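1. predicted model and sequence below, questions to follow.
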Amino acid sequence: MSRRIYHIQKALPELVELEALIEEGRDVMRISAPAHVSHAGEKLPIYSIEMGSRATIAPTLALIGGVHGVERIGTQIILAFLRSLLHRLEWDEQLQQQLQRLRLLFIPLVNPSGMWNNSRCTATGVDLMRNAPVEAEHRPPLLVGGQRISAALPWYRGKKGQAMEPENLALTSVIEQTLFTQPLCISLDCHSGFGYRDRIWFPYAKSLLPWQGLPEAYSLTHLFEHSYPNHGLYLFEPQAHSYTTSGDVWDYLYDGYQSQNPNGIFLPLTLEMGSWTWVKKNPQQLFRFHSLFNPILPHRHQRILRRHSTLFDFLMAALANQSAWVPDNQQHRQQLNARAQERWYPDIARENSLLTT
């Protein structure tokens, strides 16, 4: 083994695994590296992988991981799902037919320098989820909502007026090229580290007001909960119910999609795995920063790697069967919006009810 391979294997085994999967799946993958990040004397690639249909109107699912480098488990669950897809494509005719109608996009490791350093931020100290040119409409919490004081403090946004970090430029470029012309697309950005329960967040992070994609978010949520009544892992909610932030990349990309494709549907979702449960079950993890965000014990790690495959499969099936949940007219959207407000914004729903009585 060369010194370079050993160096990367030790610091970034996820990158080594990703490149092995790329080699294994070259016949069914469309592979690009929209950027390379220089770190520790290495040029670390940010890979983008497409699979499935090339049709310009094909519904698209994007799976994103490794935006925060310390949250390795997000990258790892995507790699596990990608490996499973490759193996199933060898024999699963239904999956083969499904991918003739769908496009899949994987960006498993957005922040390789941060993962190399076991750090949330990039090697330059910037938090990629606070780095987009988006300002919170409601006052975000101190520091957590994004700060420009110093890269020595967490949640640093970067200097005001500077371009986004190269990692974010690569991510946004791929999303813009792949999703912005699609009439129906879903992205799932995989994170960990917040609370005792796994959450599925949707926009906006910048605002406490209801998001305009609320009807579709509600309909997709209802479809999942109705289809998997015993799979109560996830709390579906607007991100702003937990906290608001400036600089959220998915707020930025959603607004960009809407400006270019106002009649399309784009649901940017975030999977926030509740890592506090892992720490509670194994308190020794408190003494290592890395273990606050990742399951350490082998049996728990294996469980998490398979835990979310149901969600990934569901999102693929939902895109392939859009008539089951996408509202087909404005009246239907209004009905779904009313139900969504009753669930997530009951105060606003009560005010609307009073106005119509």
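-> On my side now, so go ahead.
2. C-alpha from now on. contacts and neighbour counts both.
-> Noted.
3. mind listing what's buried in the helix or strand where His332 lies?
-> Here His332 sits within helix 330-344, counting by DSSP states H and E. Within helix 330-344, the residues scored as buried using 16 or more other Cα atoms under 10 Å are Arg333, Leu336, Asn337, Ala338, Arg339, Ala340, Gln341, Trp344.
4. just the element for the nearest residue to the fourth one once chain neighbours are set aside, please.
-> Excluding its sequence neighbours, the residue lying closest to Ala338 (Cα to Cα, 6 or more residues apart in numbering) is Ala349, at 6.9 Å. Counting by DSSP H and E, the secondary-structure element that holds Ala349 is helix 346-355.
5. what mean pLDDT does that helix have?
-> Helix 346-355 shows an average pLDDT of 80 in the prediction.
6. packing partners for that helix?
-> Here helix 346-355 is seen to pack against helix 330-344 when contacts are counted using 3 or more Cα pairs under 8 Å, 6 or more residues apart in numbering; DSSP states H and E.
7. how far out from the middle of the chain is the helix it packs on?
-> In terms of Cα atoms, centre = their mean, to the nearest Å, the gap separating the centre of helix 330-344 from the centre of its chain is 25 Å.
8. end-to-end on stretch 258-273?
-> Counting by Cα to Cα, to the nearest Å, the length from the leading to the trailing residue of stretch 258-273 is 28 Å.
9. how about that stretch, which residues are buried there?
-> Applying a neighbour-count criterion of 16+ other Cα under 10 Å, one finds Asn261, Ile265, Phe266, Leu267, Pro268, Leu269, Thr270, Leu271, Glu272, Met273 buried in stretch 258-273.
10. quick revisit: just the angle between the helix holding His332 and helix 346-355, please?
-> Taking axes from the mean of the first three to the mean of the last three Cα atoms, to 10 degrees, one finds that helix 330-344 is oriented at 130 degrees with respect to helix 346-355.
11. now do helix 330-344: which elements does it pack against?
-> helix 214-227, helix 346-355.
12. would you map the helices across the chain?
-> 3-11, 13-24, 72-88, 93-99, 112-116, 166-179, 214-227, 249-260, 276-281, 298-307, 309-320, 330-344, 346-355 (DSSP state H).
13. could I get those as JSON lines with distance to Tyr204?
-> JSON lines is the format used below for those (distance: least, Cα to Cα, whole Å):
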{"stretch": "helix 3-11", "distance to Tyr204": "34"}
{"stretch": "helix 13-24", "distance to Tyr204": "30"}
{"stretch": "helix 72-88", "distance to Tyr204": "21"}
{"stretch": "helix 93-99", "distance to Tyr204": "30"}
{"stretch": "helix 112-116", "distance to Tyr204": "25"}
{"stretch": "helix 166-179", "distance to Tyr204": "17"}
{"stretch": "helix 214-227", "distance to Tyr204": "10"}
{"stretch": "helix 249-260", "distance to Tyr204": "6"}
{"stretch": "helix 276-281", "distance to Tyr204": "24"}
{"stretch": "helix 298-307", "distance to Tyr204": "26"}
{"stretch": "helix 309-320", "distance to Tyr204": "20"}
{"stretch": "helix 330-344", "distance to Tyr204": "13"}
{"stretch": "helix 346-355", "distance to Tyr204": "16"}
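14. quick one, which of those helices is nearest to Arg30?
-> helix 13-24 (9.3 Å; Cα to Cα).
15. sorry, back to before: can I get the helix holding His332 in PDB, CA atoms only?
-> In PDB, the C-alpha atoms belonging to helix 330-344 read as follows (Å, rounded to 0.1, in the frame of the first residue of the first chain):
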ATOM      1  CA  GLN A 330     -55.100  24.500  -6.300                       C
ATOM      2  CA  GLN A 331     -58.100  23.500  -4.200                       C
ATOM      3  CA  HIS A 332     -56.300  20.300  -3.200                       C
ATOM      4  CA  ARG A 333     -53.200  22.300  -2.200                       C
ATOM      5  CA  GLN A 334     -55.400  24.600  -0.100                       C
ATOM      6  CA  GLN A 335     -56.900  21.700   1.700                       C
ATOM      7  CA  LEU A 336     -53.500  20.200   2.400                       C
ATOM      8  CA  ASN A 337     -52.100  23.500   3.500                       C
ATOM      9  CA  ALA A 338     -55.000  23.800   6.100                       C
ATOM     10  CA  ARG A 339     -54.200  20.400   7.500                       C
ATOM     11  CA  ALA A 340     -50.500  21.200   7.600                       C
ATOM     12  CA  GLN A 341     -51.100  24.400   9.500                       C
ATOM     13  CA  GLU A 342     -53.300  22.500  12.000                       C
ATOM     14  CA  ARG A 343     -50.400  20.100  12.600                       C
ATOM     15  CA  TRP A 344     -47.400  22.400  12.600                       C
END
